[in-house]
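Novice: quick one, what's the 3D model for this:
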Amino acid sequence: MARYQIILTYDGTEFVGSQRQLKSRTVQSELEKALGKLKWDGKSALMAGRTDTGVHASGQVAAFDLDWKHSLEDLGNALNASLPLDMAISQVGIAREDFHPRFDATCRRYSYRLFCQPNRDPLRERFAWRVWPSVSDLHSLAEIWPGTHDFAAFGTPPRPGNSTERTVLDAKWQLVDDEWQFEIRANAFLYHMVRKIVHAQVAVGQGRITIEDLTRALEHQAALPSRLAPAHGLTLVEVSYEVLE
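Specialist: Numbers count the residues shown, from 1 in each chain. Presented below is the predicted three-dimensional model:
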């Protein structure tokens with residue numbers, strides 16, 4: 001018996017989030033179904049974090065205990081053969097026996113994609129937010145977020161009364177052709193934090209609020225219009241861990 005650590009990629013469109021629910025299709029439930037075909041008898045696969053309905057992942061981390069007599073490559077192939085087409089395992093490794101993908105994580109990185117055009121684009125809108133009217137240059141807005149701040153205006157904690165302070169390690173906007181891509185890495189995130197941050201920046205880019213409104217919300221928890229960027233533009237890219245010698 002060993003504890004295995006895997007990296008999951010999935011298109012979140014048809015999932016009601018990542019966490020197992022009683023009557024809904026989730027990433028965790030599909031993973032556990034695939035594990036069951038390998039005679040896994042655990043109660044729950046461990047996940048690095050929850051993603052909302054419609055949110056994608058290229059770097060979700062999961063762990064499970066399994067009595068497996070073959071290679072890591074064979075394990076990945078066996079699981080992928082049983083997983084649905086909208087999810088796959090990209091990496092398999094052996095972890096220490098007490099490894100927990102959520103509680104041992106040191107930081108997480110998300111990306112958000114959007115593009116500006118007046119007419120819908122069915123080939124892109126599954127994975128990016130179509131924004132119109134267009135936005136002005138977003139690059140400088142990324143400079144606001146790094147550091148330790150109270151993000152109460154941009155999300156809620158996992159449990160009522162918990163701290164809303166988080167440390168953003170880096171953030172950046174990139175313009176790739178006609179697509180804006182936002183990346184943000186932090187020690188942890190509040191519920192809906194990335195989607196609220198993106199929506200607020202788009203509001204600045206469209207001239208609906210000012211950059212001063214944004215900084216007041218961050219520095220003094222001043223209220224902003226409580227809206228979310230759509231889930232389908234968001235991807236969990238990476239979960240990082242301390243390297244043990």
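Novice: buried set for stretch 143-160?
Specialist: Buried residues in stretch 143-160, defined by neighbour count with 16 or more other C-beta atoms under 10 Å: 144-146, 149, 151-155, 157. (Each C-beta comes from the backbone N, C-alpha and C, glycine too.)
Novice: residue 42: which of the residues you listed is nearest?
Specialist: The shortest gap between residue 42 and any of the buried residues of stretch 143-160 belongs to residue 157, at 28.6 Å (C-beta to C-beta).
Novice: who are the contact partners of residue 90?
Specialist: Residue 90 sits next to 7-9, 58 when contact means C-beta atoms under 8 Å, 6 or more residues apart in numbering.
Novice: list the contacts of the closest residue to residue 97 other than its chain neighbours.
Specialist: In space, residue 97 comes closest to residue 3 once its chain neighbours are excluded; the distance is 5.3 Å by C-beta to C-beta, 6 or more residues apart in numbering. By C-beta under 8 Å, 6+ apart, the contact set of residue 3 is 63-65, 94-99.
Novice: neighbours around residue 47, how many?
Specialist: Applying other C-beta atoms under 10 Å, we find 23 other residues in the vicinity of residue 47.
Novice: wait, I meant residue 2
Specialist: Per other C-beta under 10 Å, the neighbour tally for residue 2 reads 12.
Novice: hmm, residue 69 and it touching each other?
Specialist: No. Taking contacts as C-beta atoms under 8 Å, residue 2 lies outside contact range of residue 69: 10.5 Å.
Novice: what sits up against the helix ranked longest in the chain?
Specialist: Longest among the helix segments of the chain by residue count, using DSSP state H, is helix 193-205. Helix 193-205 is touched from outside by 110, 112, 114, 129, 131, 135-138, 141, 145, 151, 153-155, 166, 173, 182, 184, 209-211, 213-214, 217, 224-231, 233-234, with contacts defined as C-beta under 8 Å, 6+ apart.
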